[in-house]
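Visitor: Take a look and give me a structure for this.
(chains A and B)
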Amino acid sequence: MTLSTSSNFAKPDDAFRAIVEAHRGLSDAQSADLDAALVLVLANHIGDIAVLYEAIALAKRRMLDASQQQQQQQQQQ
Amino acid sequence: MVQTKTQFGYRRHPDQNRAGADVAEHPVVVVGAGPVGLSLAIDLAQRGQSVVLLDDADRIGEGSRAICFSKRSLEFWDRLGVGQRMVDKGVVWSVGKIFHGASQLYQFNLLPEEGHKRPAFINLQQFYAEAYLVDRVQELSGIDLRWRNKVIGLEQRNDHVLLTVETPDGPYRLHAGFVVACDGARSSLRQMVGAEFAGQVFEDQFLIADVKMTAAFPTERWFWFDPPFHAGRSALLHKQPDDIWRIDLQLHPDADPVVEKRPENVRPRIARMLGHDKFDFEWISLYKFQCRRMDKFLHGRVIFAGDAAHQVSPFGARGANSGLEDAENIAWKLDRVLRGSSPEALLESYHTERSAAADENIRESTRSTDFMAPVSQQEARLRKAVLSLAKETEFGKRMVNGGRLSVPSTYDTPLSTADRDAWRGGPRPGASMPDAPIAAASGQSMFLTEAFVGKGAQFTLLEFGNGAAIDAPEGVETIRIGGGDGLADTRGLAGTRYDAEPGTTYLLRPDGYVAARFRHPTRPALDAALARAAGLNRGLS
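Guide: Predicted coordinates:
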């Protein structure tokens, strides 16, 4: 199996909202704890190590892009 | 505190009387009389080799050190004639429990099925294991064990190694066909061949205390994360023979070793753990550890085994056990090379198989260590999530890593012949032979591993009968189940564990690993598999 990046929720806003609401009222530390548990629960549900590696790679690529953009902006200033 | 358990005498050897270029020649010299060197020497001697075994000390060790010996190690020791003595003295266990805080998270059984001669593990102080091995060495005429013989020089020649050995009577030289260095984590032979020993250093410190007390704890491995008696760290409790208990406490990375090691500082910690202070100390040791290995286990005619070649963290009992697996792996290969029945290239497979096993052991024990001592805030957060999820989910329990205990590696090796038939189970080529209960011709129950030992731990066909016996290649023994010679699979477990049908045949290596398997073997196929397993094929690397 490969990582699905097509839109899988009938109502994507509901999914996003559910995660946002789960974090409402939490401190950053509590939010980080919640995310850690949530990642593990979801990873186990997926249960496919190849998909997990792909998901990690996709998520990490966002971070790399963001840090590159930041560097570029700093250079322009 | 108990220190020296057994003292041996230095004795001058006639080899030391030779002068100048007149140097005694020996086919194989093993350096280091710890569990690995002793076991290797015994295996070689039982295969008919004469072995010189050198050790720089003259006594058996201080403290219990390694205590967990695996099923695989016991099966090896059965072949060496010492397994029963180890088991009789040792504490048998197979259940581990993991606690978080004050409550139990889960328990596991490392050998949940019946029908194995040996348990998952025994706990036995290393000094007992070494003493029993030395007793066995002394029964064998083929081993020349020389105490207080310290190798101080090593020169590699085309066809031999020239060793310089320091003794109380001064130095002498030895000419060795092969040298096996089993001289431990601080191996001086490793330095003499100029090999790197790189790896990961862990900052956390651990305190080992062996305490003597009578206690009613069950004979199980208990592991705590964040216990009430040792907040924020981990702890381990294990039973040894003679009412000795091994306690392992994780300390803060910045703890002062000198202060931490003082009995008056250790005592209150352990009293909190046990709920009383009616115990005496046998041994206290503080350590940090490293996970590392040599790039190559073969350096010319010098072969490295055990801690000299690879070091792991202690969580998982992968140190001594993997060293013993090294010994059983190299013994039969070296024997064949020394006899001239296999080319020297066969020894390369020792590096291939055992360096991959070392990588696996390092990976597993590093993961355990990282779980016990998270290196970043986020790692600590993930661990906290796992521990809390473990309370209510099965997947969380299985992610909790309080040490993954030693199991034999499965080798991807050029000695294996790839499966061509269809298999639903059973050990694949490169896996070690599973044990099973069988019945002898007399009707008496026995085990498959005993039948293998009975055949001399040689290349052996394990054949599930199907009419006439198959024609075994020369020098290959046969264990035939359900045929005319009387071994019977009375409980059907051998058949199940080997996915057997009538005619199914496994070719076992002299170390009890599967080299090849066939549904309907033919003599040419067996010959080819045997040649491959003995390193007789061209292109072996």
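Visitor: Checking the residue positioned nearest the centre of chain A next. Helix, strand or coil?
Guide: The residue lying closest to the centre of chain A (C-alpha atoms, centre = their mean) is A:Ala59, at 6.0 Å. Secondary structure, DSSP: H, G, I helix; E, B strand; the rest coil: A:Ala59 is helix.
Visitor: any idea how far A:Tyr53 is from it?
Guide: As defined by C-beta to C-beta, to the nearest Å, A:Ala59 lies at a distance of 11 Å from A:Tyr53. In this view, the C-beta of every residue, glycine as well, is placed from N, C-alpha and C.
Visitor: again, but for B:Glu62
Guide: Distance from B:Glu62 to A:Tyr53, counting by C-beta to C-beta: 46 Å.
Visitor: can you check B:Glu360 too?
Guide: 19 Å.
Visitor: between those two, which one's more packed in?
Guide: Ranked by neighbour count (other C-beta atoms under 10 Å in any protein chain shown), B:Glu360 and A:Tyr53 place B:Glu360 first, with 16 against 11.
Visitor: Identify the residues contacting the more buried one.
Guide: B:Ser409 (C-beta atoms under 8 Å, 6 or more residues apart in numbering or on different chains).
Visitor: For the closest residue to B:Gly184 other than its chain neighbours, grab the count of nearby residues.
Guide: Distances taken as C-beta to C-beta, 6 or more residues apart in numbering or on different chains put B:Asp307 closest to B:Gly184, at 4.9 Å, once the chain neighbours are dropped. When counting by other C-beta under 10 Å, one arrives at 23 neighbours for B:Asp307.
Visitor: Am I right that B:Asp307 is in a helix?
Guide: Yes: judged by three-state DSSP, B:Asp307 forms part of a helix.
Visitor: wouldn't it be in contact with B:Asn321 here?
Guide: No: at 11.7 Å, B:Asp307 does not count as touching B:Asn321 under the criterion of C-beta atoms under 8 Å.
Visitor: separation between the nearest residue in space to B:Pro227 that is not next to it in sequence and B:Asp248?
Guide: Closest residue to B:Pro227 in three dimensions, ignoring its sequence neighbours and counting by C-beta to C-beta, 6+ apart: B:Ala235, at 5.3 Å. Separation of B:Ala235 from B:Asp248 (C-beta to C-beta): 7 Å.
Visitor: of the two, who's got more company?
Guide: For B:Ala235 versus B:Asp248, neighbours defined as other C-beta under 10 Å are more numerous around B:Ala235 (22 against 18).
Visitor: and the nearest residue to A:Ala37 once chain neighbours are set aside, what element?
Guide: In space, and not counting its chain neighbours, A:Ala37 is closest to B:Ala385: 4.0 Å by C-beta to C-beta, 6+ apart. Using DSSP states H and E, B:Ala385 sits in helix B:377-390.
Visitor: how about that helix as PDB, C-alpha atoms only?
Guide: What follows is helix B:377-390, C-alpha atoms only, in PDB (Å, rounded to 0.1, in the frame of the first residue of the first chain):
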ATOM      1  CA  GLN B 377      11.800  16.300  25.300                       C
ATOM      2  CA  GLN B 378       9.800  15.000  22.400                       C
ATOM      3  CA  GLU B 379      11.200  11.400  22.900                       C
ATOM      4  CA  ALA B 380      10.200  11.600  26.500                       C
ATOM      5  CA  ARG B 381       6.700  12.800  25.400                       C
ATOM      6  CA  LEU B 382       6.300   9.900  23.000                       C
ATOM      7  CA  ARG B 383       7.400   7.400  25.700                       C
ATOM      8  CA  LYS B 384       4.900   8.900  28.100                       C
ATOM      9  CA  ALA B 385       2.200   8.500  25.500                       C
ATOM     10  CA  VAL B 386       3.200   4.800  24.900                       C
ATOM     11  CA  LEU B 387       3.200   4.100  28.600                       C
ATOM     12  CA  SER B 388      -0.200   5.700  29.100                       C
ATOM     13  CA  LEU B 389      -1.700   4.100  26.100                       C
ATOM     14  CA  ALA B 390      -0.400   0.700  27.300                       C
END
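Visitor: which secondary structure elements does that helix contact?
Guide: Other helices and strands packing on helix B:377-390, by 3 or more C-beta pairs under 8 Å, 6 or more residues apart in numbering or on different chains; DSSP states H and E, are helix A:28-46, strand B:103-109, helix B:394-399.
Visitor: what angle separates it from helix A:28-46?
Guide: Angle of helix B:377-390 versus helix A:28-46, following axes from the mean of the first three to the mean of the last three C-alpha atoms, to 10 degrees, is 60 degrees.
Visitor: Please list the residues of chain A that sit near chain B.
Guide: Proximity of chain A to chain B, by C-beta under 8 Å from any C-beta of the partner chain, involves residues A:32-33, A:36-37, A:39-41, A:44.
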